[in-house]
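Peer 1: next one to model:
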Amino acid sequence: MLFLIQSRFPLLSLFVVAGIGAAGCTATLGPGYTIEKQEVRVHFVAQPEPRILLEGDYQLRNSGNRPLSSLELRLPGRRRFHVSAAHADWDGAALALETSPSNARDTLLRFPEPWPISARHTLHLSAEIQQAAAAEPSLSFAPDAFFLPAEGWSPELLPSEGLFPTGGVPPRRWELVVRVPDTFIVHTSGKVVKNSHAGDESLVRAVQEPRDRYPFVIAGRYTSTPLDTANQKIYLWTRAAQDARSLAPASDSLIRVIHAYDSAFGSPSKDAHPLWIVECPAVEGCFSRRDSAYARLLEDAGEQVTGEMASFDTVVADISGRTPGIATAVAPSLAATWLGYGQNPGFYEQGPPLFALPAFAAALGRESVEGPSFRERTIRRALQFVPWNAPKQKTEDATLLRAKSLLFFYALRERYGQEAFGNALRHMLYARRGRGFNLDDLIAAFEQETHQNVAEFVRLWMKHPGVPDEFRARHEDVAALATRSSKEDVP
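Peer 2: Model prediction:
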């Protein structure tokens, strides 16, 4: 694949290389090709209407065991991007773009002649991302700012079809070139190796390697302001310059969020990347999950999503001039950084109850800013989705299961204490960094920390209908007490 799509982590393409002969030479077992060199270019054009031009050049070699008659690719996702003018050239000759017969999401390129084994060819791809229409749920941008998140914005070359196919894997080093107005500042994946100017435009050339994970670009006429948050470097990008004194409340709140995540999930390593908080180019169309499955559990009625990870180190946020609210806006998205966004392949592929861990982490961040009342509101809200005396069913309702899984983490922390809870999670995340984790890993980490039968506690919660009565009663009593106390305080 050209890019491994970060958001929701689709299964990686599988390929097989077999070693044969005493000298250790290798030979492929099936059809395939190798991307020997590639360069992807992003050109932002502000006038007369803002648009993003994408181009990619790929030097390909047939490294498989038979000639190839076609190649498949996946264009930028139509659900998130308004794409037009897609075009493909094969050694300079135009190729027709057909819908793949095996997957309607993919595009098929048929070659005019079979591609022989060991032969090299050059593929050129281009497309244009346009501004979304008013009612279209696509990514929006403005004449003075845009971003391309680490998900689905670039064509994705796919492996060949057949038994033991290969292909689509980028070379270990390739270049991403970003061309923008010279009044823009740019944050992109990879290592910037050259900055240059041509006329009224700037050109940023960045070398991409596997450690850079998923390519992204954020650029605009922003002002960059560092926030004082102790051990974590954070840069705030806003259209309007910010006074340092006005940012003090936001910095204090972010310090509380970072401390909460460090306590629960461990401090970032010394070589951790700085974090960027970037004002949305256009709030409408900025966020891809305005009504996510967990929104109803974590947010009050009518509350909108105000922040989302654009890459493993960057959050786009709806700041709207309210800098004191920055921490609340970005806390849920920053949680993904501590949990391994872009590192653990299974981050978005967990089953219950672990699929609620990102939501629980987000709730911890919000709680650190808004206080314990947010925790109790969240628990009571989730309990409303889990009825009393829920009947035992083979498959629980999806909404009920999400609520129950979120409550499970609150119960786990109450049962074993905040210190043991944090120690166990940190141990699991550190031990499984880069490899993903599952429920067995969670149980093992907690049993190692507590020396108790945590598996039995997990079975009590996840193998029985509803939630344990004592948990419900405890939190509903707290709710009733809080309500009664608030009424007594009214003169």
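Peer 1: which SSE is the nearest residue to residue 190 once chain neighbours are set aside in?
Peer 2: Excluding its sequence neighbours, the residue lying closest to residue 190 (Cβ to Cβ, 6 or more residues apart in numbering) is residue 206, at 3.7 Å. Any C-beta I mention is one placed from the backbone N, CA and C, and that applies to glycine too. Assigned by DSSP states H and E, residue 206 belongs to strand 201-208.
Peer 1: determine the set of other helices and strands touching that strand.
Peer 2: Counting by 3 or more Cβ pairs under 8 Å, 6 or more residues apart in numbering; DSSP states H and E, the packing neighbours recorded for strand 201-208 are strand 174-181, strand 185-188, strand 191-198.
Peer 1: with respect to residue 250, which of these lies nearest?
Peer 2: Closest to residue 250 of these is strand 185-188 (Cβ to Cβ; 19.4 Å).
Peer 1: what are the pairing partners of the closest one, and which direction each?
Peer 2: With DSSP bridges as the test, strand 185-188 is paired with strand 217-220 (antiparallel).
Peer 1: thinking again about what came up before, measure the residue nearest to residue 190 to residue 452 for me?
Peer 2: 49 Å (Cβ to Cβ, to the nearest Å).
Peer 1: compare those two (neighbour count), which wins?
Peer 2: Between residue 206 and residue 452, counting by other Cβ atoms under 10 Å, residue 206 is the more crowded of the two (21 against 13).
Peer 1: that one against residue 187, yeah?
Peer 2: No: using Cβ atoms under 8 Å, residue 206 is not in contact with residue 187; the gap is 10.1 Å.
Peer 1: mind putting the helices and strands packed on strand 201-208 into TSV with mean pLDDT and distance to residue 398?
Peer 2: Listed next are the helices and strands packed on strand 201-208 as TSV, based on pLDDT from 0 to 100; distance: least, Cβ to Cβ, whole Å:
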stretch	mean pLDDT	distance to residue 398
strand 174-181	98	38
strand 185-188	97	37
strand 191-198	95	42
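Peer 1: which of these sits closest to residue 327?
Peer 2: Set against residue 327 and scored by Cβ to Cβ, these come closest in strand 185-188, at 20.4 Å.
Peer 1: so how far is that closest one from its chain's centroid?
Peer 2: 18 Å (Cα atoms, centre = their mean, to the nearest Å).
Peer 1: any chance you could list what contacts it?
Peer 2: Contacts to strand 185-188, defined as Cβ atoms under 8 Å, 6 or more residues apart in numbering, come from residues 176, 178, 180, 202, 204, 206, 215-222, 224, 237, 276, 278, 314.
Peer 1: run the last query once more with 6 Å
Peer 2: Residues outside strand 185-188 that contact it (Cβ atoms under 6 Å, 6 or more residues apart in numbering): 178, 204, 206, 217-219, 222, 276.
Peer 1: the residues you listed, buried ones only, as a ChimeraX selection?
Peer 2: The following ChimeraX command selects only the buried members of the contacts of strand 185-188, with burial defined by 16 or more other Cβ atoms under 10 Å:
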select :178,204,206,217,218,219,222,276
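Peer 1: give me the lowest-pLDDT entry from the contacts of strand 185-188.
Peer 2: Within the contacts of strand 185-188, pLDDT reaches its minimum at residue 276, with 90.
Peer 1: Validate this expectation: that residue resides in a strand.
Peer 2: Yes: applying DSSP: H, G, I helix; E, B strand; the rest coil, one finds residue 276 inside a strand.
Peer 1: roughly how far does it sit from residue 218?
Peer 2: Plainly put, residue 276 is 7 Å away from residue 218 if you go by Cβ to Cβ.
Peer 1: before we move on, back to that, list the beta-bridge partners for the residue nearest to residue 190.
Peer 2: The partner residues for residue 206, given DSSP bridges, come to residue 176, residue 192.
Peer 1: wait, doesn't it sit right on residue 178?
Peer 2: No: counting by Cβ atoms under 6 Å, residue 206 stays clear of residue 178, with 7.3 Å between them.
Peer 1: how about the residue nearest to residue 190, what does it touch?
Peer 2: 176, 188, 190, 192.
Peer 1: can you select the buried ones from the residues you listed in ChimeraX?
Peer 2: Of the contacts of residue 206, the buried ones go into a single ChimeraX selection, burial set by 16+ other Cβ under 10 Å:
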select :176,188,190
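Peer 1: can you redo the contacts of residue 206 as CSV with distance to residue 107?
Peer 2: Converted to CSV, the contacts of residue 206 look like this (distance: Cβ to Cβ, whole Å):
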residue, distance to residue 107
176, 22
188, 26
190, 26
192, 31
